[in-house]
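**Student:** Have a look at this fold, sequence not included:
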């Protein structure tokens with residue numbers, strides 16, 4: 001049965017202290033502020049004392065900050081950052097054009113996870129990656145307003161590809177297709193990477209699940225994980 005931990009981050013941003021990025025080599029106990037744990041209809045429990053697990057999966061929509069948060073968790077708590085895209089996509093130039101066959105990406109990702117006792121895995125793997133669900137000790141779901149997310153994606157695309165995505169550029173068509181796909185996240189059904197699919201998938205998970213909702217910095221998200229608050 002899924003154990004939910006809900007972080008509905010709606011409070012003032014000025015009320016959260018920003019932590020340092022210094023990494024540690026051993027699991028660090030933490031106290032999560034405003035923690036709500038609901039299991040089998042039990043009443044919410046506040047400020048539960050929990051360690052940060054060894055095997056963490058962070059997922060959400062494209063542009064929600066999963067890669068950035070996983071890298072920050074790895075740097076701060078001593079995990080190895082592993083990103084799903086490195087296994088999902090073949091290495092091409094330009095990137096993100098050819099998907100690896102499912103058995104190959106499963107084998108490659110399994111080898112990467114087996115090679116590290118502590119990891120923070122970023123990205124979405126619903127369906128083809130369900131074989132890895134028993135490994136997860138903590139799953140973190142990130143959700144931000146659609147307009148903010150799309151603005152971040154557009155800025156990232158311009159930074160990565162520059163003139164190639166402008167009118168007449170070599171990647172223009174691919175860029176527009178990606179933007180159209182990413183913009184559907186909050187309204188599409190579960191047949192594509194969408195909020196509906198992610199909510200349905202989370203309901204099947206047997207491990208602790210955390211929802212972080214709101215437009216917050218990586219430092220503020222880390223503060224929710226290591227218990228730092230003003």
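**Tutor:** Yes, it's here. Please read all numbers here as calculations on a predicted model, not as lab measurements.
**Student:** most distant residue from the middle of this structure?
**Tutor:** residue 168 (33.3 Å; Cα atoms, centre = their mean).
**Student:** looking at this, that one is in a strand?
**Tutor:** No: assigned with DSSP: H, G, I helix; E, B strand; the rest coil, residue 168 falls outside any strand and is coil.
**Student:** So what does it look like in phi/psi?
**Tutor:** phi 90, psi 0 (degrees, to the nearest 10).
**Student:** next one: residue 81
**Tutor:** Per degrees, to the nearest 10, the backbone of residue 81 is at phi -80, psi 130.
**Student:** quick one, what contacts it?
**Tutor:** 70-71, 73-75, 119-120, 122 (Cβ atoms under 8 Å, 6 or more residues apart in numbering). Just so you know, the C-beta spots here come from the backbone N, C-alpha and C atoms, and that holds for glycine as well.
**Student:** which ones are touching residue 191?
**Tutor:** residue 197.
**Student:** Quick check: which ranges of this structure have low pLDDT?
**Tutor:** Applying pLDDT under 70 to the chain flags the ranges 1-51, 227-230.
**Student:** For the helix ranked longest in the chain, name the packing helices and strands.
**Tutor:** Ordering each helix of the chain by length in residues (DSSP state H) puts helix 146-161 first. In terms of contacts (3 or more Cβ pairs under 8 Å, 6 or more residues apart in numbering; DSSP states H and E), helix 146-161 is packed against helix 172-183.
**Student:** check contacts around residue 79.
**Tutor:** 54, 56, 73, 116, 118-120.
**Student:** which pair in these spans the largest distance?
**Tutor:** The span of those, defined through Cβ to Cβ, is set by 73 and 116 at 13.3 Å.
**Student:** what about those two, which has more around it?
**Tutor:** Using other Cβ atoms under 10 Å as the criterion, residue 73 and residue 116 rank with residue 73 on top: 26 against 15.
**Student:** Quick check on that one: phi, psi?
**Tutor:** In terms of degrees, to the nearest 10, the main-chain angles of residue 73 are phi -60, psi -40.
**Student:** Quick check: which element contains residue 64?
**Tutor:** Under DSSP states H and E, no helix or strand contains residue 64.
**Student:** OK, contacts around it?
**Tutor:** Here residue 64 is in contact with 142-144, 149 (Cβ under 8 Å, 6+ apart).
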